[in-house]
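**Student:** Okay, structure incoming, though there's no sequence with it:
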């Protein structure tokens, strides 16, 4: 039983990390209808930026975090200029293809500038134990679910209760009507991209103390993020949160009781079953309109 | 008068241009004062880190040989080509070194796939190839037994796996072992080998798990292994994944003897795994603390001149290059076929820095040299030989 609780805790930690990377992806898709494959690279650059600020410049972690937020926001702003402003109006598939291109450019730029060496953020938190009953976690791992709840909660409040959130939701529901009501579509697009990139960058920074960061890490990240987004329903933040946790738990239990080699297989089997039962994902919107 | 002057001037210019254009062609091939030797390594691409470390060994060997008077009364010049760990690039690099630079031998390369792709060409031209890190048995197996032209002056990956597996039961006295390996062919074959050897030595395998290379989270797997209480855990895979497993093992409180595959011999592994790497065991061909006196002296000279402690990759580059140069000296000429025969049979007394005291470049019929690998244990962040 104690072991089961430990597996559960591990699953929640890993699931929370999936949620963090998937939320921004689903946000951009839900509001702008853009599938951004360069998302894993935002995660990777956020991780490297954080390691650079915290270890090379020796800044305190909280200052580094703010630095990563600013850096990721800038990345999001630039990505919007490329993926949304320039190409999207001509053909929606353009932005998908160019996001692939952006991913390749960012990966290779990181390889050239930073090199292929994996890196880890070293903190004093790794050996501080957190014990909840029989469950044991190092502090830096225990902080991941906390950060996930804080960030997803903040996003939820932003979407529900602020003017920016309302215009974002209006855009998601009906862009043309939103435009007629006086919402500046271009500004909404920029805000969406910046929010999404900040989520990915912060996730990269938080995770860099637990998981390694290297220039090609984005490929793995984007794959998991897409699994979560499809599972939860494209465009649904709640769905991404639920699906991320679910995937983390299923993977952990598979690895514990069936063998680690089966973990990805069982994960994808779950996606297939969910999609057969709910083609829109668990929390997906039904796109049929009267 | 003016016209004549102009013609003379033109003739002078033409003559001068002709001379400068012609001269590079003359110095392209071997010259009486220079002896060109070939080096082919991945200096960019996925194996660039390893390639640059091996290159330091090559360059150091050439510097030392020149300080001792070069070879055949000529200064040795190292011609280096980048193969990008890519078979197509490797074939081009080998052709360039043989056809343009006319080198008597080539040291290269790190990736076994590239070695195998280029072996056909070097065989055709009769130019010997001395490994620049390639360890796979597939390369030495591609040699014609009794007539090798690819040479590796250290044991193959199979021998290395065997030495490591034996160390688990013999040196560390483990009776129960858990195996973790990546799902690629490298990890799988190592997993099979360790399972077999441990069972043959009377041990038991408690569990065997695979993971995808690059996987990030091993905590649940390691928690389960903790509950199995194994005497030792074997990890077969790339250095980055191995470092993650060892780190996360300390996080979940799994404390046991960890033994890793040969790829985890680098200092980068220790850097990534941090304090969690203490006690980790790995097979190695060379450490500066080696009991091999010739090797220990090489380590001191290398560190003094290059400014970093010598490792396995530096030492194998040094050995391959030194053997090639020695073969040229003993042959007394640059005929590549004669140099190849000399390496195959005539350098058995030539000392190498890798391996135990007294190891020499005594190649077997398939072009390999066999000696037991050292099993190093990481202590205070440094690999130490017992």
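**Tutor:** Perfect, I can see it now. Keep in mind that this is a model prediction, so the values were computed, not measured. Residues are numbered from 1 along each chain as shown, chains lettered A, B, ... in the order given.

**Student:** For residue B:224, give me its contacts.
**Tutor:** Shown in contact with residue B:224 (C-beta atoms under 8 Å, 6 or more residues apart in numbering or on different chains): A:3, A:7, A:255, A:256, B:207. Glycine gets a C-beta too; all of them are placed from N, C-alpha and C.

**Student:** Could you tell me which of the residues you listed belong to helices?
**Tutor:** A:3, A:7, A:255, A:256 (DSSP state H).

**Student:** got CSV for those residues, with distance to residue B:117, pLDDT and neighbour count too?
**Tutor:** Below are those laid out as CSV (distance: C-beta to C-beta, whole Å; pLDDT from 0 to 100; neighbours: other C-beta atoms under 10 Å in any protein chain shown):
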residue, distance to residue B:117, pLDDT, neighbour count
A:3, 49, 87, 14
A:7, 46, 92, 22
A:255, 38, 91, 28
A:256, 43, 90, 22
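
**Student:** when you check chain B, which of these turn up near it?
**Tutor:** The subset of those within reach of chain B, by C-beta under 8 Å from any C-beta of the partner chain, is A:3, A:7, A:255, A:256.

**Student:** ok, the third one touching residue A:263?
**Tutor:** Think residue A:255. Yes - in this structure, residue A:255 is within contact of residue A:263 by C-beta atoms under 8 Å, at 4.8 Å.

**Student:** Does the helix or strand hosting residue B:195 reach chain A?
**Tutor:** Applying DSSP states H and E as the criterion places residue B:195 in helix B:185-200. No - if you take C-beta under 8 Å from any C-beta as the test, helix B:185-200 misses chain A, and the best it gets is 10.4 Å.

**Student:** List the buried residues of that helix.
**Tutor:** Neighbour counts over helix B:185-200 (16 or more other C-beta atoms under 10 Å in any protein chain shown) mark B:186, B:187, B:190, B:191, B:193, B:194, B:195, B:197, B:198 as buried.

**Student:** hmm, who's touching it?
**Tutor:** Under the contact criterion C-beta under 8 Å, 6+ apart, helix B:185-200 has outside partners B:158, B:161-162, B:164-166, B:168-169, B:174, B:177, B:179, B:181-182, B:204-205, B:208, B:210, B:213, B:234, B:236-237, B:261, B:263.

**Student:** If you average the pLDDT over that helix, what comes out?
**Tutor:** Averaging pLDDT along helix B:185-200 gives 89.

**Student:** anything in the lowest-mean-pLDDT helix or strand in chain A near chain B?
**Tutor:** When the helices and strands of chain A are compared on mean pLDDT, DSSP states H and E, strand A:129-132 comes out lowest with a mean of 82. No - under the criterion of C-beta under 8 Å from any C-beta, chain B is not reached by strand A:129-132; the shortest gap measures 9.2 Å.

**Student:** Distance from that strand to the middle of the chain?
**Tutor:** Distance, stretch centre to chain centre, for strand A:129-132: 26 Å (C-alpha atoms, centre = their mean, to the nearest Å).

**Student:** Quick check: residues of the stretch 101-250 of chain A near chain B?
**Tutor:** Residues of the stretch 101-250 of chain A lying near chain B (C-beta under 8 Å from any C-beta): A:115-118, A:120, A:122, A:126, A:136, A:138, A:141, A:211-212, A:214, A:216-217, A:220.

**Student:** What distance do you get for the most centrally placed residue in chain B to residue B:376?
**Tutor:** Central residue of chain B (C-alpha atoms, centre = their mean): residue B:133, 1.9 Å from the mean position. To residue B:376, residue B:133 is 18 Å away according to C-beta to C-beta, to the nearest Å.

**Student:** Ok, residue B:313 next?
**Tutor:** Separation of residue B:313 from residue B:376 (C-beta to C-beta): 14 Å.

**Student:** cool, and residue A:33?
**Tutor:** 56 Å.

**Student:** who has more neighbours, the two?
**Tutor:** In this view residue A:33 and residue B:376 are compared by other C-beta atoms under 10 Å in any protein chain shown, and residue B:376 has more residues nearby, 21 against 16.

**Student:** give the contact list for the residue lying closest to the more buried one once chain neighbours are set aside.
**Tutor:** Distance criterion C-beta to C-beta, 6 or more residues apart in numbering or on different chains; nearest residue to residue B:376, sequence neighbours excluded, is residue B:383 at 3.8 Å. By C-beta under 8 Å, 6+ apart, residue B:383 lies in contact with B:265, B:270, B:282, B:284, B:287, B:376, B:377.

**Student:** Which one of these sits in the busiest neighbourhood?
**Tutor:** residue B:282 leads these on contacts (other C-beta under 10 Å) with 29 neighbours.

**Student:** List phi and psi for that residue.
**Tutor:** phi -150, psi 150 (degrees, to the nearest 10).

**Student:** pretty sure it is in contact with residue B:265, am I right?
**Tutor:** Yes - the criterion here is C-beta under 8 Å, and residue B:282 meets it with residue B:265 at 5.2 Å.

**Student:** Looking only at stretch B:358-371, what residues are buried by neighbour count?
**Tutor:** By 16+ other C-beta under 10 Å, the buried positions in stretch B:358-371 come out as B:359, B:360, B:361, B:363, B:366, B:367, B:368, B:369, B:371.

**Student:** All good on my end, thank you.
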